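Participant: Structure for the following, please:
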Amino acid sequence: HFVPIAGMMLNNSLSAVTLALSPLLQEMSGAGAGGSARIELLICLGATTYEALRPVLVATLAQSLSPTLQSMNVVGLVAIPGMMTGQVLGGASPKRAARYQILILYLIVGSASLSVGVTSWLTVQRLVTSRGVLLEEDIVVNSIPRISNLVSWSALTTSRAKPKTQPNSDSSNPVTVELRTDAPGDARQDNALLDVDVAVTFAQESRILRAKFSLYPGDIAIVTGPSGIGKTTLLKYIAELSSPHPLKKSDAPAMLKLNGMHRHEMTPSQWRKRVTYLPQGRALSLPGTPNELIEELSHLSSRTDLNVQIVRDTIQSYLTAWLLPNVDILDRNWNTMSGGESQRVLLAVVLATEPSVLLLDEPTAALDVDSKERVEETLLSVSKKSGDAAKPTAIILVTHDDEQARRLGTVRWYLQ
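Facilitator: Numbering: from 1, shown residues only. Okay, here's the model as predicted:
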């Protein structure tokens, strides 16, 4: 019986792996629904990769095994498998044939579960660096036409006629993007909260990013520059959410220090807990409610000291200052809020976690003037609390609003 049983196990394992990989890769690449926004946000707030991916992995396992488990419900009642039928027709007793079939079903479920588990683990290992960075650029969409497209000759010819895009034909002359400031050199030399010195490549090595600066407690650094120049890329790199490459193998590795401690002296989740990046425009895509997000944060290994009630009270104080209906808004689903409401609630959640360095990517883009000014007052008050030596705070804020830059910034940087 080895050959037919092995064939059935292999067939069901391949089917389960196929069902598992598609949603897993979609969520990891950011192409999924709310799950991908949740993964990104939890990693930004200090979750390990496996903590952020755990619900996706569980859902993937359940989805991939669903056809096999459904078939087990009807075996022997509605449908009789071919091997069991063959044994009965061959003279074996129905009880003996049923026992064989039960054993085969257990083997099929076991092999499918093992295959999905190992494949999912290998996928995560391949797409996550040792520092917990998701390599989304390594997930490539298959451009080969599917069988369903072959039915339509016009669809096939259209897909062949599309020109292939070249990432960058002039890779020998990459563009250099440098962070600059018009302000005089800072006389402060000691007690820097954040030190950054990087010269790395991004975007298939077609762009060089250079940045060297120190950030001190109480600073609000404004980063400006043309759209697409690399402002978000810089923030993600500081938060260890992207994985660039040194210009040369002989170059010294990029330097990121927090309170004098190099980033490699901390785990990635500890670094992101203290150097927190708030992505732009992701709140409406989140599943669940703000209260559910707060509960998830309290279960992260890097936030075992998080007091949920204190966090909720702090969030409520921010929402009151911003004139938001704070009575039940934490129990509303994210997708039922307006863009401005969800943006402010998520900002309040991040502020309540009290990071040392807060990286904000256009946090007031969807707000009216009055709401924007109220949020700015809160950011100024948060930065001024850095007089407390136990909880120094600094902010790096990306904006295209010159008026906001003048109101908030203690230092202004340009990417050009």
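
Participant: ok, which stretches of the stretch 251-400 of the chain are helices?
Facilitator: Assigned by DSSP state H, counting those that start in this stretch, the helices in the stretch 251-400 of the chain fall at 268-274, 290-298, 308-321, 339-352, 369-384.

Participant: Any chance of JSON lines for these, columns distance to L25 and mean pLDDT?
Facilitator: C-beta here means a position set from N, CA and C on the backbone, and glycine is covered the same way. What follows is the helices of the stretch 251-400 of the chain, written out as JSON lines (distance: least, CB to CB, whole Å; pLDDT from 0 to 100):
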{"stretch": "helix 268-274", "distance to L25": "22", "mean pLDDT": "90"}
{"stretch": "helix 290-298", "distance to L25": "23", "mean pLDDT": "91"}
{"stretch": "helix 308-321", "distance to L25": "33", "mean pLDDT": "91"}
{"stretch": "helix 339-352", "distance to L25": "26", "mean pLDDT": "91"}
{"stretch": "helix 369-384", "distance to L25": "36", "mean pLDDT": "90"}
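
Participant: out of these, nearest to G225?
Facilitator: With CB to CB as the measure, helix 369-384 is the member of the helices of the stretch 251-400 of the chain nearest G225 (20.3 Å).

Participant: what packs against the closest one?
Facilitator: Judged by 3 or more CB pairs under 8 Å, 6 or more residues apart in numbering; DSSP states H and E, helix 369-384 is in contact with strand 220-224, helix 308-321, helix 339-352, strand 394-398, helix 402-408.

Participant: Off-centre distance for that helix?
Facilitator: 27 Å (CA atoms, centre = their mean, to the nearest Å).

Participant: ok, the helix or strand hosting F213: who's next to it in the sheet?
Facilitator: Here F213 sits within strand 207-215, counting by DSSP states H and E. If you go by DSSP bridges, strand 207-215 pairs up with strand 175-180 (parallel), strand 194-202 (antiparallel).

Participant: Can you point out the buried residues in it?
Facilitator: Using 16 or more other CB atoms under 10 Å as the test for burial, strand 207-215 gives R207, I208, L209, A211, F213, S214, L215.

Participant: got JSON lines for the strands paired with strand 207-215, with mean pLDDT too?
Facilitator: Formatted as JSON lines, those follow (pLDDT from 0 to 100):
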{"stretch": "strand 175-180", "mean pLDDT": "69"}
{"stretch": "strand 194-202", "mean pLDDT": "79"}
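
Participant: The spatially closest residue to D195 that is not a sequence neighbour pairs with what?
Facilitator: Among residues not flanking D195 along the chain, K257 sits closest, at 4.1 Å (CB to CB, 6 or more residues apart in numbering). Residues in a beta bridge with K257, per DSSP bridges, are D195, H262.

Participant: tally of neighbours for K257?
Facilitator: K257: 16 surrounding residues under other CB atoms under 10 Å.

Participant: Am I right that it is in contact with L193?
Facilitator: No. Under the criterion of CB atoms under 8 Å, K257 is not in contact with L193, lying 9.3 Å apart.

Participant: And R131, how far from M28?
Facilitator: Using CB to CB, to the nearest Å, one obtains 16 Å as the distance from R131 to M28.

Participant: Ok, V345 next?
Facilitator: V345 is 26 Å from M28, by CB to CB.

Participant: Same check on I229?
Facilitator: For I229, the distance to M28 - CB to CB - is 27 Å.

Participant: same thing with I108?
Facilitator: 27 Å.

Participant: Compare neighbour counts for those two and give me the winner.
Facilitator: Remark: of I108 and M28, M28 carries more neighbours, 25 against 21, as counted by other CB under 10 Å.

Participant: What are the buried residues along the host helix or strand of the more buried one?
Facilitator: Element membership for M28, per DSSP H and E: helix 2-29. Under the neighbour-count criterion of 16+ other CB under 10 Å, helix 2-29 has 5, 8-9, 12-13, 16-17, 19-21, 23-29 buried.

Participant: which element follows that helix toward the C-terminus?
Facilitator: helix 34-44.

Participant: Using PDB, write out the CA atom coordinates for that next one.
Facilitator: Taking Å, rounded to 0.1, in the frame of the first residue of the first chain, the C-alpha atoms of helix 34-44 are listed here in PDB:
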ATOM      1  CA  GLY A  34      -6.400  44.900   6.900                       C
ATOM      2  CA  GLY A  35      -4.100  42.100   8.100                       C
ATOM      3  CA  SER A  36      -1.100  43.600   6.200                       C
ATOM      4  CA  ALA A  37      -1.700  47.100   7.800                       C
ATOM      5  CA  ARG A  38      -1.900  45.400  11.200                       C
ATOM      6  CA  ILE A  39       1.400  43.500  10.700                       C
ATOM      7  CA  GLU A  40       3.200  46.700   9.700                       C
ATOM      8  CA  LEU A  41       1.900  48.700  12.700                       C
ATOM      9  CA  LEU A  42       2.600  46.000  15.300                       C
ATOM     10  CA  ILE A  43       6.200  45.700  14.000                       C
ATOM     11  CA  CYS A  44       6.500  49.500  14.200                       C
END
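
Participant: pLDDT of it, averaged?
Facilitator: The predicted model assigns helix 34-44 a mean pLDDT of 78.

Participant: what's the helix or strand that it is followed by packed up against?
Facilitator: Counting by DSSP H and E, the next helix or strand C-terminal to helix 34-44 is helix 49-74. Other helices and strands packing on helix 49-74, by 3+ CB pairs under 8 Å, 6+ apart, are helix 2-29, helix 34-44, helix 94-127.

Participant: Can you flag the weakest of those helices by average pLDDT?
Facilitator: Averaged per stretch, pLDDT over those is lowest on helix 34-44, reaching a mean of 78.

Participant: and it, how far from the chain's centre?
Facilitator: 4 Å.

Participant: Check which helices and strands that helix is in contact with.
Facilitator: Short answer (3+ CB pairs under 8 Å, 6+ apart): helix 34-44 packs on helix 2-29, helix 49-74, strand 275-278, helix 290-298.

Participant: out of these, nearest to L415?
Facilitator: Using CB to CB, the nearest of those to L415 is strand 275-278, at 16.4 Å.
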